[in-house]
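1. sequence and predicted structure are below.
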Amino acid sequence: MDLRTFISCLLLLAQWGWAQQVYLEPPDSAKELFASRPMPRVSLSPDGQHLLIAERYRFRRINELASRVQALAGIRLNPSSNGPALPEYYFRMEIKNIASGKNKSLKLPSGGKRFSLPIWSPDGRKFAFLQYN
């Protein structure tokens, strides 16, 4: 390689070091989109008297997105938990009495806890859900 080619390459590469990209703020419409809450999941009790409303997180944690995934017959599994690769987690739940229209918020443990979607008992008087750390 001759000296002229070497200097041309060196000058070309030096420009990348000087050019600094500036962080661009997204437009307000995009900010509103990412700040908005996702649609809650709704579960009707088997007796049809109550409605359970569960709010989920819009975005997943980075360690969840970076975790290993194993594909088996079109299903993505997490090999460390033997469960789904990216399950949905919920953080706020309330029960609505359909007849009266009143909502009652459930008192859930705080501190970054996440919960599964509740499953109703066959008679519709109780429900159960899992708590994740």
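-> Arrived safely.
2. drop to CA atoms for contacts and neighbour counts, all remaining ones
-> Will do.
3. what about F6, neighbour count?
-> By other C-alpha atoms under 10 Å, the residues close to F6 number 11.
4. helix, strand or coil: sort out it for me.
-> helix (DSSP: H, G, I helix; E, B strand; the rest coil).
5. what does the one 5 residues further on give?
-> Reducing the assignment at L11 to three states with three-state DSSP gives helix.
6. what does stretch 82-97 contact?
-> 49-57, 64-65, 69-70, 75-78, 102-106, 108, 113-117 (C-alpha atoms under 8 Å, 6 or more residues apart in numbering).
7. buried stuff in stretch 68-86?
-> Residues of stretch 68-86 classed as buried under the neighbour-count rule (16 or more other C-alpha atoms under 10 Å) are V69, L77, N78, A85.
8. with adjacent residues omitted, what lies nearest to L65?
-> Sequence neighbours aside, L86 is the residue nearest to L65 in space, at 7.7 Å (criterion: C-alpha to C-alpha, 6 or more residues apart in numbering).
9. how far away is that neighbour from H50?
-> In this view, L86 and H50 are 28 Å apart by C-alpha to C-alpha, to the nearest Å.
10. likewise for F34?
-> Distance from F34 to H50, counting by C-alpha to C-alpha: 31 Å.
11. E88: neighbour count?
-> 15.
12. my bad, A54
-> A54 has 22 neighbours, counted by other C-alpha under 10 Å.
13. all strands of the chain, in order?
-> For the chain, the strands defined by DSSP state E occupy 41-44, 50-56, 70-72, 75-78, 83-84, 90-97, 103-105, 114-115, 119-120, 127-128, 131-132.
14. reformat those as TSV; add mean pLDDT.
-> Output for the strands of the chain, formatted as TSV (pLDDT from 0 to 100):
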stretch	mean pLDDT
strand 41-44	94
strand 50-56	93
strand 70-72	89
strand 75-78	88
strand 83-84	82
strand 90-97	92
strand 103-105	94
strand 114-115	88
strand 119-120	94
strand 127-128	91
strand 131-132	84
